[in-house]
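Undergrad: Curious how this folds, go ahead:
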Amino acid sequence: MSIAAGSGLNEGDFGAAAHERPVPRISIHVFYEYPDTAATAQRASTDRRLSKAHTEIREGGVSGAVAHYKENATPNLLIVETQAQGPAVLTELERLAEVCDEDTKVIVVGRVNDVQLYRELIRRGISEYLVAPLNPIQLIETVSSLYIKADAPPIGRVIVFAGARGGTGASTLAHNVGWYIAEALKIDTAIVDLDLPFGTAGLDFNEDPGQGIADALAAPERLDDVLLDRLLIKCGEHLSLFAAPAMLDRMYDAEESAYESVIDQVRASMPCVIVDLPHAWTPWARQTILSSDEIVFVATPDLASLRNAKNVMDLVRSNRPNDAMPRLVINQTGVPKRPEIPVKEFAAALSVEPSLVLPFDPQLFGTAANNGQMLAEVQPRSKVSEGVRHLAELVTGRNVQPISKKSGMSILPFLNRKAG
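TA: Okay, the predicted model is just below:
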(Lines give C-alpha, C1' and ligand atoms only; values in the text may rest on other atoms or scores of the structure.)
Protein backbone atom coordinates (compact mmCIF):
# COMPACT_ATOMS: atom_id res chain seq x y z
CA MET A 1 0.00 0.00 0.00
CA SER A 2 1.29 3.46 -0.84
CA ILE A 3 0.99 6.44 1.42
CA ALA A 4 -1.16 9.35 0.30
CA ALA A 5 0.11 11.54 -2.50
CA GLY A 6 1.79 14.77 -1.53
CA SER A 7 1.83 18.16 -3.15
CA GLY A 8 2.77 16.93 -6.63
CA LEU A 9 5.73 19.31 -6.81
CA ASN A 10 8.10 18.53 -9.64
CA GLU A 11 11.85 18.23 -9.47
CA GLY A 12 12.36 21.80 -10.69
CA ASP A 13 11.07 23.09 -7.36
CA PHE A 14 13.75 21.46 -5.25
CA GLY A 15 17.53 21.45 -5.10
CA ALA A 16 20.45 23.49 -3.88
CA ALA A 17 20.22 27.26 -4.22
CA ALA A 18 22.70 28.99 -6.54
CA HIS A 19 24.78 30.34 -3.64
CA GLU A 20 24.97 26.85 -2.12
CA ARG A 21 27.04 25.56 -5.02
CA PRO A 22 30.69 24.90 -4.17
CA VAL A 23 32.95 27.63 -5.54
CA PRO A 24 35.47 26.20 -8.04
CA ARG A 25 39.17 25.75 -7.30
CA ILE A 26 40.25 29.39 -7.35
CA SER A 27 42.77 31.46 -5.40
CA ILE A 28 41.38 34.18 -3.13
CA HIS A 29 43.51 36.84 -1.43
CA VAL A 30 42.09 39.16 1.24
CA PHE A 31 43.84 42.38 2.33
CA TYR A 32 42.00 43.80 5.33
CA GLU A 33 42.16 47.01 7.38
CA TYR A 34 39.99 46.10 10.37
CA PRO A 35 40.05 42.98 12.59
CA ASP A 36 36.33 42.29 12.14
CA THR A 37 36.80 41.98 8.38
CA ALA A 38 39.70 39.57 8.91
CA ALA A 39 37.57 37.46 11.25
CA THR A 40 34.71 37.34 8.76
CA ALA A 41 37.05 36.37 5.93
CA GLN A 42 38.60 33.63 8.05
CA ARG A 43 35.21 32.21 8.96
CA ALA A 44 34.05 32.31 5.36
CA SER A 45 37.25 30.63 4.13
CA THR A 46 36.51 27.53 6.21
CA ASP A 47 32.97 27.18 4.90
CA ARG A 48 32.12 24.05 2.91
CA ARG A 49 31.15 26.13 -0.12
CA LEU A 50 34.66 27.60 -0.30
CA SER A 51 36.44 24.36 0.60
CA LYS A 52 37.93 23.99 -2.90
CA ALA A 53 39.28 27.55 -2.98
CA HIS A 54 42.72 28.49 -1.64
CA THR A 55 42.38 31.58 0.56
CA GLU A 56 45.10 33.81 2.00
CA ILE A 57 44.29 36.63 4.44
CA ARG A 58 46.75 39.49 5.00
CA GLU A 59 46.73 42.85 6.75
CA GLY A 60 47.35 46.08 4.86
CA GLY A 61 44.32 47.02 2.79
CA VAL A 62 44.85 48.47 -0.68
CA SER A 63 48.38 49.74 0.10
CA GLY A 64 49.44 46.30 1.32
CA ALA A 65 47.99 44.70 -1.80
CA VAL A 66 49.85 47.13 -4.10
CA ALA A 67 53.16 46.47 -2.35
CA HIS A 68 52.62 42.69 -2.46
CA TYR A 69 51.65 42.46 -6.13
CA LYS A 70 54.58 44.51 -7.33
CA GLU A 71 56.54 41.29 -6.83
CA ASN A 72 53.85 38.58 -6.95
CA ALA A 73 51.13 37.44 -9.32
CA THR A 74 47.58 38.41 -8.49
CA PRO A 75 45.01 35.70 -7.61
CA ASN A 76 41.74 34.80 -9.32
CA LEU A 77 39.87 36.92 -6.78
CA LEU A 78 41.20 39.83 -4.74
CA ILE A 79 39.23 41.27 -1.80
CA VAL A 80 40.63 44.58 -0.54
CA GLU A 81 39.39 46.77 2.28
CA THR A 82 39.78 50.54 2.24
CA GLN A 83 39.52 53.23 4.89
CA ALA A 84 39.29 55.93 2.24
CA GLN A 85 36.08 57.62 1.12
CA GLY A 86 34.78 59.13 -2.11
CA PRO A 87 37.37 60.06 -4.77
CA ALA A 88 40.21 58.86 -2.52
CA VAL A 89 39.02 55.29 -3.02
CA LEU A 90 39.32 55.69 -6.79
CA THR A 91 42.84 57.04 -6.41
CA GLU A 92 43.85 54.01 -4.34
CA LEU A 93 42.38 51.62 -6.88
CA GLU A 94 44.19 53.27 -9.75
CA ARG A 95 47.46 52.30 -8.05
CA LEU A 96 46.14 48.77 -7.55
CA ALA A 97 45.17 48.50 -11.23
CA GLU A 98 48.79 49.08 -12.21
CA VAL A 99 49.89 45.83 -10.54
CA CYS A 100 46.74 43.75 -11.02
CA ASP A 101 46.26 41.22 -13.84
CA GLU A 102 43.34 41.95 -16.17
CA ASP A 103 41.57 38.66 -15.44
CA THR A 104 41.63 39.12 -11.64
CA LYS A 105 38.23 39.90 -10.17
CA VAL A 106 38.23 42.53 -7.40
CA ILE A 107 35.83 43.06 -4.51
CA VAL A 108 36.21 46.30 -2.55
CA VAL A 109 35.13 46.52 1.09
CA GLY A 110 34.44 49.97 2.50
CA ARG A 111 32.80 51.56 5.51
CA VAL A 112 30.57 54.07 3.72
CA ASN A 113 27.30 53.29 1.96
CA ASP A 114 27.94 55.51 -1.06
CA VAL A 115 25.73 54.78 -4.06
CA GLN A 116 27.65 57.12 -6.37
CA LEU A 117 30.93 55.44 -5.41
CA TYR A 118 29.40 52.02 -6.01
CA ARG A 119 28.27 52.98 -9.51
CA GLU A 120 31.66 54.43 -10.39
CA LEU A 121 33.49 51.34 -9.12
CA ILE A 122 31.28 49.02 -11.16
CA ARG A 123 31.80 51.24 -14.22
CA ARG A 124 35.55 50.88 -13.78
CA GLY A 125 35.39 47.10 -13.70
CA ILE A 126 35.29 46.37 -9.96
CA SER A 127 33.21 43.21 -9.44
CA GLU A 128 31.45 44.29 -6.24
CA TYR A 129 31.50 46.90 -3.47
CA LEU A 130 30.51 45.71 0.03
CA VAL A 131 29.84 47.86 3.05
CA ALA A 132 31.41 46.59 6.28
CA PRO A 133 30.85 45.16 8.79
CA LEU A 134 30.28 41.95 6.82
CA ASN A 135 28.93 38.56 7.80
CA PRO A 136 30.34 35.27 6.45
CA ILE A 137 27.23 34.27 4.50
CA GLN A 138 27.15 37.67 2.76
CA LEU A 139 30.76 37.26 1.71
CA ILE A 140 30.26 33.64 0.58
CA GLU A 141 27.21 34.56 -1.51
CA THR A 142 29.08 37.46 -3.12
CA VAL A 143 31.99 35.20 -4.09
CA SER A 144 29.57 32.55 -5.37
CA SER A 145 27.72 35.08 -7.52
CA LEU A 146 30.96 35.91 -9.33
CA TYR A 147 31.70 32.31 -10.30
CA ILE A 148 28.30 30.65 -10.50
CA LYS A 149 26.22 31.87 -13.41
CA ALA A 150 22.57 32.60 -12.70
CA ASP A 151 21.53 30.39 -15.63
CA ALA A 152 23.79 27.49 -14.61
CA PRO A 153 22.04 24.10 -14.54
CA PRO A 154 20.56 23.38 -11.10
CA ILE A 155 22.21 20.88 -8.80
CA GLY A 156 20.61 18.62 -6.25
CA ARG A 157 20.53 18.97 -2.49
CA VAL A 158 22.66 16.37 -0.66
CA ILE A 159 21.18 15.01 2.58
CA VAL A 160 23.47 12.68 4.53
CA PHE A 161 22.11 10.11 7.00
CA ALA A 162 24.59 8.85 9.59
CA GLY A 163 24.25 6.72 12.70
CA ALA A 164 25.82 7.31 16.11
CA ARG A 165 26.77 3.63 16.16
CA GLY A 166 25.89 0.44 14.32
CA GLY A 167 22.27 -0.63 14.59
CA THR A 168 20.63 2.75 15.17
CA GLY A 169 18.45 2.36 12.08
CA ALA A 170 20.04 5.22 10.10
CA SER A 171 20.07 3.22 6.85
CA THR A 172 16.44 2.17 7.21
CA LEU A 173 15.38 5.75 7.82
CA ALA A 174 17.49 7.01 4.89
CA HIS A 175 15.85 4.55 2.52
CA ASN A 176 12.33 5.24 3.78
CA VAL A 177 12.74 9.02 3.76
CA GLY A 178 14.15 8.86 0.22
CA TRP A 179 11.24 6.68 -0.87
CA TYR A 180 8.68 9.07 0.60
CA ILE A 181 10.31 12.11 -1.03
CA ALA A 182 10.13 10.37 -4.40
CA GLU A 183 6.74 8.68 -4.13
CA ALA A 184 4.70 11.20 -2.15
CA LEU A 185 6.41 14.53 -2.83
CA LYS A 186 7.19 13.63 -6.46
CA ILE A 187 10.77 14.90 -6.29
CA ASP A 188 13.31 12.97 -8.38
CA THR A 189 15.52 11.31 -5.78
CA ALA A 190 18.62 9.14 -5.76
CA ILE A 191 19.59 7.03 -2.75
CA VAL A 192 23.35 6.45 -2.60
CA ASP A 193 24.38 3.54 -0.35
CA LEU A 194 28.05 4.00 0.54
CA ASP A 195 28.34 0.96 2.80
CA LEU A 196 29.89 -1.00 -0.07
CA PRO A 197 30.51 -4.38 1.63
CA PHE A 198 27.43 -4.50 3.88
CA GLY A 199 24.87 -2.01 2.53
CA THR A 200 21.16 -2.89 2.73
CA ALA A 201 19.59 -0.62 0.11
CA GLY A 202 19.33 -3.51 -2.36
CA LEU A 203 17.59 -5.66 0.25
CA ASP A 204 15.23 -2.92 1.40
CA PHE A 205 14.06 -2.29 -2.17
CA ASN A 206 14.21 -5.94 -3.21
CA GLU A 207 16.66 -5.16 -6.02
CA ASP A 208 19.83 -6.84 -7.27
CA PRO A 209 22.43 -4.13 -6.56
CA GLY A 210 25.14 -5.22 -9.00
CA GLN A 211 28.48 -3.40 -8.93
CA GLY A 212 27.17 0.03 -9.97
CA ILE A 213 28.50 2.34 -7.30
CA ALA A 214 31.69 0.31 -6.83
CA ASP A 215 32.44 0.69 -10.54
CA ALA A 216 31.72 4.41 -10.38
CA LEU A 217 34.07 4.90 -7.42
CA ALA A 218 36.79 2.88 -9.12
CA ALA A 219 36.80 5.20 -12.15
CA PRO A 220 34.98 8.44 -11.25
CA GLU A 221 36.48 10.26 -14.24
CA ARG A 222 34.38 8.04 -16.53
CA LEU A 223 31.10 8.83 -14.81
CA ASP A 224 28.93 11.04 -17.00
CA ASP A 225 25.18 11.38 -17.45
CA VAL A 226 24.99 8.42 -19.85
CA LEU A 227 26.97 6.03 -17.64
CA LEU A 228 25.19 7.22 -14.51
CA ASP A 229 21.83 6.52 -16.07
CA ARG A 230 23.01 3.00 -16.91
CA LEU A 231 24.36 2.30 -13.42
CA LEU A 232 21.41 3.64 -11.41
CA ILE A 233 18.58 1.23 -10.63
CA LYS A 234 15.12 2.67 -11.33
CA CYS A 235 12.76 1.87 -8.46
CA GLY A 236 9.87 4.03 -9.59
CA GLU A 237 8.96 7.08 -11.61
CA HIS A 238 10.91 9.40 -9.30
CA LEU A 239 13.26 7.09 -7.38
CA SER A 240 16.68 5.78 -8.41
CA LEU A 241 19.05 3.60 -6.41
CA PHE A 242 22.82 3.55 -6.28
CA ALA A 243 22.98 0.38 -4.21
CA ALA A 244 26.06 -1.07 -2.56
CA PRO A 245 27.26 -4.40 -4.04
CA ALA A 246 27.30 -5.95 -0.53
CA MET A 247 29.94 -8.50 -1.53
CA LEU A 248 33.27 -9.37 0.05
CA ASP A 249 35.12 -10.63 -3.04
CA ARG A 250 36.99 -7.37 -3.49
CA MET A 251 38.47 -4.55 -1.42
CA TYR A 252 36.78 -1.18 -1.66
CA ASP A 253 39.63 1.30 -1.36
CA ALA A 254 38.60 4.22 -3.55
CA GLU A 255 40.31 7.57 -3.13
CA GLU A 256 38.67 10.25 -1.00
CA SER A 257 38.22 12.44 -4.08
CA ALA A 258 36.31 9.64 -5.82
CA TYR A 259 33.44 9.83 -3.34
CA GLU A 260 33.21 13.58 -3.82
CA SER A 261 33.23 13.21 -7.61
CA VAL A 262 30.50 10.55 -7.64
CA ILE A 263 28.22 12.52 -5.31
CA ASP A 264 28.79 15.67 -7.39
CA GLN A 265 27.84 13.79 -10.55
CA VAL A 266 24.68 12.39 -8.98
CA ARG A 267 23.61 15.80 -7.63
CA ALA A 268 24.10 17.25 -11.11
CA SER A 269 21.40 14.84 -12.33
CA MET A 270 19.01 14.60 -9.38
CA PRO A 271 17.27 17.32 -7.34
CA CYS A 272 17.48 15.26 -4.15
CA VAL A 273 20.37 12.99 -3.16
CA ILE A 274 20.05 10.85 -0.03
CA VAL A 275 23.46 9.55 1.09
CA ASP A 276 23.39 6.49 3.37
CA LEU A 277 26.72 6.73 5.18
CA PRO A 278 28.18 3.62 6.85
CA HIS A 279 29.23 3.66 10.48
CA ALA A 280 32.93 4.07 9.76
CA TRP A 281 35.23 7.01 10.40
CA THR A 282 37.42 7.55 7.35
CA PRO A 283 38.67 10.73 5.64
CA TRP A 284 36.04 10.39 2.92
CA ALA A 285 33.22 9.78 5.43
CA ARG A 286 34.23 12.86 7.42
CA GLN A 287 34.39 14.96 4.26
CA THR A 288 31.03 13.66 3.04
CA ILE A 289 29.38 14.74 6.28
CA LEU A 290 31.01 18.16 6.41
CA SER A 291 30.35 19.02 2.75
CA SER A 292 26.68 17.96 2.67
CA ASP A 293 23.80 20.41 2.46
CA GLU A 294 22.03 18.77 5.39
CA ILE A 295 22.86 16.12 7.98
CA VAL A 296 20.45 13.74 9.69
CA PHE A 297 22.08 12.03 12.66
CA VAL A 298 20.36 8.97 14.12
CA ALA A 299 21.00 7.80 17.70
CA THR A 300 19.50 5.42 20.22
CA PRO A 301 18.99 6.49 23.86
CA ASP A 302 22.13 4.87 25.29
CA LEU A 303 25.53 6.04 26.50
CA ALA A 304 27.55 4.97 23.44
CA SER A 305 25.21 6.85 21.13
CA LEU A 306 25.32 9.90 23.36
CA ARG A 307 29.12 9.96 23.41
CA ASN A 308 29.42 9.51 19.65
CA ALA A 309 26.66 12.00 18.93
CA LYS A 310 28.37 14.63 21.07
CA ASN A 311 31.66 14.08 19.24
CA VAL A 312 29.96 14.53 15.87
CA MET A 313 27.97 17.57 16.98
CA ASP A 314 31.15 19.21 18.31
CA LEU A 315 32.93 18.46 15.03
CA VAL A 316 30.09 19.95 12.99
CA ARG A 317 29.90 23.06 15.19
CA SER A 318 33.58 23.79 14.69
CA ASN A 319 33.73 22.98 10.97
CA ARG A 320 30.35 24.25 9.74
CA PRO A 321 29.85 27.50 11.68
CA ASN A 322 27.65 28.98 8.96
CA ASP A 323 25.27 25.99 8.70
CA ALA A 324 22.47 24.65 10.82
CA MET A 325 23.24 21.81 13.21
CA PRO A 326 22.41 18.23 12.14
CA ARG A 327 18.84 17.09 12.61
CA LEU A 328 18.82 14.67 15.52
CA VAL A 329 16.62 11.56 15.39
CA ILE A 330 16.35 9.43 18.52
CA ASN A 331 15.25 5.97 17.43
CA GLN A 332 14.14 2.79 19.19
CA THR A 333 12.82 4.39 22.38
CA GLY A 334 10.83 2.32 24.84
CA VAL A 335 12.62 -1.03 24.49
CA PRO A 336 11.16 -3.26 27.24
CA LYS A 337 13.40 -3.67 30.31
CA ARG A 338 16.23 -1.65 28.74
CA PRO A 339 17.55 1.29 30.77
CA GLU A 340 17.47 4.39 28.62
CA ILE A 341 18.77 7.93 28.84
CA PRO A 342 15.67 10.18 28.94
CA VAL A 343 15.17 12.14 25.74
CA LYS A 344 15.35 15.50 27.51
CA GLU A 345 18.68 14.62 29.11
CA PHE A 346 20.01 13.27 25.81
CA ALA A 347 19.06 16.48 24.00
CA ALA A 348 20.38 18.71 26.79
CA ALA A 349 23.79 17.01 26.68
CA LEU A 350 24.04 17.77 22.95
CA SER A 351 22.39 21.21 23.05
CA VAL A 352 20.29 20.01 20.12
CA GLU A 353 16.55 19.41 20.21
CA PRO A 354 15.52 16.20 18.42
CA SER A 355 13.60 16.62 15.20
CA LEU A 356 12.05 13.21 15.67
CA VAL A 357 11.68 10.60 18.41
CA LEU A 358 10.63 7.15 17.20
CA PRO A 359 9.29 4.25 19.29
CA PHE A 360 10.70 0.73 19.30
CA ASP A 361 8.64 -1.30 16.80
CA PRO A 362 10.49 -4.53 15.92
CA GLN A 363 7.42 -6.11 14.28
CA LEU A 364 7.08 -3.33 11.72
CA PHE A 365 10.80 -2.95 10.99
CA GLY A 366 11.32 -6.71 10.77
CA THR A 367 8.35 -7.31 8.47
CA ALA A 368 9.37 -4.49 6.13
CA ALA A 369 13.00 -5.69 5.98
CA ASN A 370 12.07 -9.32 5.34
CA ASN A 371 9.57 -8.40 2.62
CA GLY A 372 11.74 -5.82 0.86
CA GLN A 373 9.10 -3.17 1.52
CA MET A 374 8.99 0.33 2.92
CA LEU A 375 7.56 0.92 6.39
CA ALA A 376 4.60 2.89 5.04
CA GLU A 377 3.79 0.06 2.63
CA VAL A 378 3.45 -2.33 5.58
CA GLN A 379 1.68 0.00 8.03
CA PRO A 380 0.94 3.39 6.48
CA ARG A 381 -0.74 4.78 9.62
CA SER A 382 1.77 3.57 12.19
CA LYS A 383 3.60 6.00 14.46
CA VAL A 384 6.90 5.18 12.73
CA SER A 385 5.47 5.73 9.24
CA GLU A 386 4.05 9.08 10.31
CA GLY A 387 7.47 9.95 11.70
CA VAL A 388 9.17 9.08 8.40
CA ARG A 389 6.67 11.28 6.57
CA HIS A 390 7.34 14.16 8.93
CA LEU A 391 11.13 13.84 8.57
CA ALA A 392 10.92 13.68 4.78
CA GLU A 393 8.82 16.81 4.67
CA LEU A 394 11.11 18.50 7.18
CA VAL A 395 14.33 17.99 5.20
CA THR A 396 12.67 19.09 1.96
CA GLY A 397 10.62 21.95 3.42
CA ARG A 398 7.54 20.50 1.75
CA ASN A 399 4.05 19.99 3.12
CA VAL A 400 5.02 19.90 6.80
CA GLN A 401 1.91 19.52 8.93
CA PRO A 402 1.69 18.84 12.67
CA ILE A 403 1.08 15.26 13.75
CA SER A 404 -2.08 14.72 15.75
CA LYS A 405 -1.40 14.24 19.45
CA LYS A 406 -3.76 11.27 19.26
CA SER A 407 -1.05 9.38 17.41
CA GLY A 408 0.92 9.30 20.67
CA MET A 409 4.26 9.84 18.94
CA SER A 410 6.82 12.45 19.83
CA ILE A 411 7.56 14.44 16.68
CA LEU A 412 8.46 17.92 17.83
CA PRO A 413 10.17 18.89 21.08
CA PHE A 414 6.99 20.36 22.53
CA LEU A 415 5.26 17.00 22.04
CA ASN A 416 8.18 15.23 23.65
CA ARG A 417 7.22 15.47 27.31
CA LYS A 418 6.29 11.83 27.84
CA ALA A 419 9.53 10.62 26.27
CA GLY A 420 11.52 12.79 28.69
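
Undergrad: Remind me which helix or strand the closest residue to A174 other than its chain neighbours belongs to.
TA: In space, and not counting its chain neighbours, A174 is closest to F161: 3.6 Å by Cβ to Cβ, 6 or more residues apart in numbering. In this view, the C-beta of every residue, glycine as well, is placed from N, C-alpha and C. For F161, the host element (DSSP states H and E) is strand 157-163.

Undergrad: Repeat that for V384.
TA: Assigned by DSSP H and E, V384 falls in helix 383-396.

Undergrad: who does that helix touch, helix- and strand-wise?
TA: Under the contact definition 3 or more Cβ pairs under 8 Å, 6 or more residues apart in numbering; DSSP states H and E, helix 383-396 sits against helix 170-183, strand 294-299, strand 327-333, strand 354-359, helix 362-371, helix 375-378.

Undergrad: if we can go back for a sec, roughly how far apart are the residue nearest to A174 and I148?
TA: Separation of F161 from I148 (Cβ to Cβ, to the nearest Å): 27 Å.

Undergrad: Mind telling me which residue is nearest the centre of the protein?
TA: For the chain, D293 is the residue whose C-alpha lies nearest the centre (Cα atoms, centre = their mean; 1.5 Å).

Undergrad: hmm, who's touching the lengthiest helix in the chain?
TA: Across the chain, the longest stretch assigned as helix under DSSP state H is helix 303-319. With Cβ atoms under 8 Å, 6 or more residues apart in numbering as the test, helix 303-319 has contacts from 46, 162, 164-165, 168, 286, 289-290, 295, 297, 299, 323, 325-326, 328, 341, 346, 349-352.

Undergrad: which of these count as buried?
TA: 162, 164-165, 168, 289-290, 295, 297, 299, 323, 326, 328, 341, 346, 350, 352 (16 or more other Cβ atoms under 10 Å).

Undergrad: Touching, N76 and K105? I think so.
TA: Yes. When contacts are counted by Cβ atoms under 8 Å, N76 is listed as touching K105 (6.8 Å).

Undergrad: May I see the buried residues of stretch 234-247?
TA: 235, 238-246.

Undergrad: now do stretch 81-97
TA: So stretch 81-97, judged by 16+ other Cβ under 10 Å, has buried residues 81-82, 84, 89, 92-93, 96.

Undergrad: can you check stretch 37-52 too?
TA: In stretch 37-52, counting by 16+ other Cβ under 10 Å, buried: 37-38, 40-41, 43-45, 47-51.

Undergrad: got it, and stretch 164-181?
TA: 164-165, 168-181.

Undergrad: and which of the residues you listed is nearest to E377?
TA: Closest to E377 out of the buried residues of stretch 164-181 is W179 (8.7 Å), distances taken as Cβ to Cβ.

Undergrad: Now for the closest residue to the closest one other than its chain neighbours, how many residues are close by?
TA: Excluding the flanking residues, the one nearest W179 by Cβ to Cβ, 6+ apart is M374, at 4.9 Å. Around M374 there are 24 other residues, counting by other Cβ atoms under 10 Å.

Undergrad: Next, the contact list for M374, please.
TA: 175-176, 179-180, 204, 368.

Undergrad: Got the phi and psi for it?
TA: phi -80, psi 160 (degrees, to the nearest 10).

Undergrad: For the remainder of this discussion, apply numbering that starts at 56.
TA: Got it, the first residue is 56 from now on, which makes the last one we talked about M429.

Undergrad: Relative to E136, how far out is it?
TA: 54 Å.

Undergrad: now the strands for the protein?
TA: 82-87, 109-114, 132-136, 160-165, 183-186, 212-218, 244-248, 288-289, 294-297, 327-331, 349-354, 382-388, 409-414 (DSSP state E).

Undergrad: Would you format the ones you listed as TSV with mean pLDDT and distance to L272 included?
TA: Shown next, in TSV, are these (pLDDT from 0 to 100; distance: least, Cβ to Cβ, whole Å):
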stretch	mean pLDDT	distance to L272
strand 82-87	97	29
strand 109-114	96	26
strand 132-136	97	32
strand 160-165	96	35
strand 183-186	95	39
strand 212-218	96	16
strand 244-248	95	11
strand 288-289	90	16
strand 294-297	92	10
strand 327-331	96	13
strand 349-354	97	21
strand 382-388	96	27
strand 409-414	95	31
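
Undergrad: hmm, back to that, quick check: of the buried ones among the contacts of helix 358-374, which lies closest to V450?
TA: Of the buried ones among the contacts of helix 358-374, the one sitting nearest to V450 (Cβ to Cβ) turns out to be I350, at 9.8 Å.
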